[in-house]
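**Q** Fold the following for me, if possible:
(one chain, ligands or ions: 1)
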Amino acid sequence: MRDALGAVQSVLVLGGGSEIALTTVRKLVGDRCRTVVLAARRPDELAGTVAELQAAGATDVDTVAFDALDPASHEKIIDGIFEAHGDIDVVLLAFGVLGDQKEFDADPASAAQAIAANFGGAVSAGLAVAHNLRKQGHGTLVVLSSVAGERVRKDNFVYGSSKAGLDGFAQGLGDSLVGSGARVMVVRPGFVHTKMTEGMDAAPFSTTPDVVADAIVEGLHKRRDVVWAPSQLRYVFSALRHLPRPVWRKVSDR
Ligand SMILES: NC(=O)c1ccc[n+]([C@@H]2O[C@H](COP(=O)([O-])OP(=O)(O)OC[C@H]3O[C@@H](n4cnc5c(N)ncnc54)[C@H](OP(=O)(O)O)[C@@H]3O)[C@@H](O)[C@H]2O)c1
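**A** Take a look at the predicted model:
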């Protein structure tokens, strides 16, 4: 349960190695968050991060094996985390793969696998989280969507469509939780400099994990439904989404 000043005391990250999520977790720990659970494909690789969070003041830091591509395991893993650690104030759903559109074109099965991780895995994990948040009567599921789903580009339409599906799912889930005490906050970053985008040409309004993490922390304090990072992208995309398709094809070509 958040403390009397509204500070988050416990956080679970699904996709525990995500740079955006870990930057957010560091800020939450700096603001008195004491329980951190990192659920990741290779939890052993997070030993250094665990030590760092403990040194920063987190008293209960745990890692759990979690694979977005194994939806049948999600309910048991997530229920187990809530049972072991008690109430969880914030869950960051941060796993995702970007992939490469040309490789997806050449290997359709790999495209379906990216959709299965980004969208399918988020549906099974998100529903399992919602069940637990509803039961405890409070808590926020933060879903890392993307502007890529706001208007899908031909250059990464498999990734973009996975985020469009994820965004719609997260909004609907949030609406279904109204009145339960639990909430969903959808986060729509633009291009963020993380290992996911390493070596790529930066898009306009490119930003850093620090800026996105600040926007997430502020959104949690203000109980926002949707957060854009950087914030100007809200206005940029409200214009871009109405462009006639031939114009969009041209401006989104990069
Ligand atoms: N970077 C951007 O420009 C950007 C922009 C908008 C939205 N986003 C979204 O923000 C979220 C976080 O991205 P990020 O920038 O922090 O990138 P990141 O550091 O690469 O984090 C992505 C995480 O997803 C994990 N993951 C991938 N497939 C998984 C699977 N099958 N099961 C469990 N975990 C899996 C990765 O695990 P491993 O460490 O094991 O590889 C990695 O820790 C993603 O959903 C991304 O789509 C990113």
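**Q** Near the ligand, which residues of the stretch 51-200 of the chain are found?
**A** 66-69, 94-97, 117, 144, 146, 189, 191-192, 194-197 (C-beta under 6 Å from any ligand atom). C-betas here are computed from N, CA, C, even on glycine.
**Q** Got a ChimeraX select line for the buried ones in those residues?
**A** Those of these that count as buried under 16 or more other C-beta atoms under 10 Å are selected in ChimeraX with:
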select :66,67,68,94,95,96,97,117,144,146,189,191,192,194
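**Q** Tell me which of the residues of the stretch 51-200 of the chain next to the ligand fall in strands.
**A** Secondary structure defined by DSSP state E assigns 144, 189 of these to strands.
**Q** Residue in the stretch 51-200 of the chain with the shortest distance to the ligand?
**A** Closest residue of the stretch 51-200 of the chain to the ligand, C-beta to the nearest ligand atom: residue 96 (2.6 Å).
**Q** Would you enumerate the residues in contact with that residue?
**A** Residue 96 sits next to 15, 18, 117-118, 144, 162, 196 when contact means C-beta atoms under 8 Å, 6 or more residues apart in numbering.
**Q** now the strands for this protein?
**A** 10-14, 35-40, 60-65, 90-93, 139-144, 182-189, 226-229.
**Q** so can I have TSV of those showing mean pLDDT?
**A** Listed next are the strands of the chain as TSV, based on pLDDT from 0 to 100:
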stretch	mean pLDDT
strand 10-14	98
strand 35-40	98
strand 60-65	97
strand 90-93	98
strand 139-144	98
strand 182-189	98
strand 226-229	98
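**Q** mind giving me a markdown table with those strands and columns for distance to residue 166?
**A** Below are those laid out as a markdown table (distance: least, C-beta to C-beta, whole Å):
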| stretch | distance to residue 166 |
| --- | --- |
| strand 10-14 | 12 |
| strand 35-40 | 17 |
| strand 60-65 | 22 |
| strand 90-93 | 9 |
| strand 139-144 | 7 |
| strand 182-189 | 9 |
| strand 226-229 | 13 |
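**Q** helices or strands next to the biggest helix by length in the chain in the packing?
**A** Assignment by DSSP state H gives helix 157-177 as the longest helix of the chain. If you count contacts as 3 or more C-beta pairs under 8 Å, 6 or more residues apart in numbering; DSSP states H and E, helix 157-177 packs onto helix 101-106, helix 108-115, helix 121-136, strand 139-144, strand 182-189.
**Q** how many neighbours does residue 62 have?
**A** Residue 62 has 17 neighbours, counted by other C-beta atoms under 10 Å.
**Q** The closest residue to it other than its chain neighbours pairs with what?
**A** Spatial nearest neighbour of residue 62, excluding adjacent residues (C-beta to C-beta, 6 or more residues apart in numbering): residue 37 at 4.8 Å. Residue 37 has these beta-bridge partners by DSSP bridges: residue 12, residue 62.
**Q** now residue 175: how far from residue 14?
**A** 21 Å (C-beta to C-beta, to the nearest Å).
**Q** Also residue 70?
**A** On the measure of C-beta to C-beta, residue 70 and residue 14 end up 12 Å apart.
**Q** Pick out whichever of those two has more residues nearby.
**A** residue 14 (31 against 14).
**Q** can you tell me how far the more buried one sits from residue 53?
**A** 17 Å.
**Q** same question, residue 197
**A** From residue 197 to residue 53 the distance is 24 Å (C-beta to C-beta).
**Q** and if you look at residue 174?
**A** 28 Å.
**Q** Between those two, which is the more surrounded one?
**A** residue 53 (23 against 20).
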